[in-house]
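> need coordinates for the below:
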Amino acid sequence: MQPLTRPHIVAAGLRLLEREGAAGLSMRKLAGELGKAPAAVYKHVSDKRELMSLLFAEVSRRIELPDPGDDPRTSIVEAAQSAHRVLEEHGWIAAEMLDGRVLGAASMRLSEFILDALVRTGMSDAQAARLHVAIWEYLVGHLVAARAGAPGLAPCPEAGTGEDGAEDYPTVRRVAPLVAGMSDQERFAAGLRALLDGAFAQPRTPHGETGGGTGAGAGAGADVGPGGAGAGEAAPSGRVSRSAAAAAG
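Okay, here's the model as predicted:
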């Protein structure tokens, strides 16, 4: 009989997750999937939390990071799009990331790539950290919205009837087909480029100094305190912000 190893456990865990979702994953079910006693599994993995970290690490290795090259902005877009494709294929990840349960060393590879690329554009560490958090929040938020089937502007069938008829939302009705005609990947790439364009248009802050200003674009230049909050502002609320801050290290 072939000895039980961590790679066997990870492969079985991924099969179980894809079939039953995170709620259906347990150490006992995993042992059954492997045809082993639970005690044999516990010799290799201490608990479900460690198991989830191993599974996320395995999936995250499939994210392709391009050569840094001379165009950091394009490199960031390509890396984030690869991450989006891989994570979208494994729907359980978005919910786990939202709760901050699978972040850790496995997320550092992508974070290091993004942060290094941003700093190479001339951003200070504070500017790079702030934009990195925004990219993570956008990535996780888009995955959750896509999972829920919420493209954002697709009109519901009953729109245009009753008091709130189509005549009340002419711009939404006109623009909605453009959004509905885009794939998840197209919507993600368009939003990511808009986010980067706004941040890259901000003045660079010399290293060792903090940025200022107000508005959405100023977020990339604000000083970063614990949890990713800019100096003088409240820390971002919600689990997505905590997950993104954890990814920043």
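> what's the longest helix along the chain packed up against?
Scanning the chain for the helix with the most residues, using DSSP state H, yields helix 125-147. With contacts taken as 3 or more C-beta pairs under 8 Å, 6 or more residues apart in numbering; DSSP states H and E, helix 125-147 sits against helix 72-89, helix 92-98, helix 105-120, helix 184-200, helix 239-247. Using the backbone N, CA and C atoms, a C-beta is placed for each residue, glycine as well.
> so for the second one, mean pLDDT?
Taken as a whole, helix 92-98 carries a mean pLDDT of 72.
> tabulate the CA atom coordinates of that helix in CSV.
What follows is helix 92-98, C-alpha atoms only, in CSV (Å, rounded to 0.1, in the frame of the first residue of the first chain):
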residue,chain,number,x,y,z
TRP,A,92,-14.4,28.4,-2.6
ILE,A,93,-11.3,30.6,-2.4
ALA,A,94,-13.1,34.0,-2.7
ALA,A,95,-15.3,33.3,0.4
GLU,A,96,-12.3,32.0,2.4
MET,A,97,-10.2,35.1,1.4
LEU,A,98,-13.1,37.3,2.4
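> run the chain-centre distance for that helix.
Offset of helix 92-98 from its chain centre (C-alpha atoms, centre = their mean, to the nearest Å): 9 Å.
> ok, stretch 10-25 next?
On C-alpha atoms, centre = their mean, the centre of stretch 10-25 falls 20 Å from that of its chain.
> list the buried ones in that stretch?
Within stretch 10-25, the residues that qualify as buried are 10, 12, 13, 14, 16, 17, 22, 25, counting by 16 or more other C-beta atoms under 10 Å.
> quick one: residue 123 from residue 30, how far?
Distance of residue 123 to residue 30, computed by C-beta to C-beta, to the nearest Å: 43 Å.
> of these two, which one has the most company?
residue 123 (26 against 21; other C-beta atoms under 10 Å).
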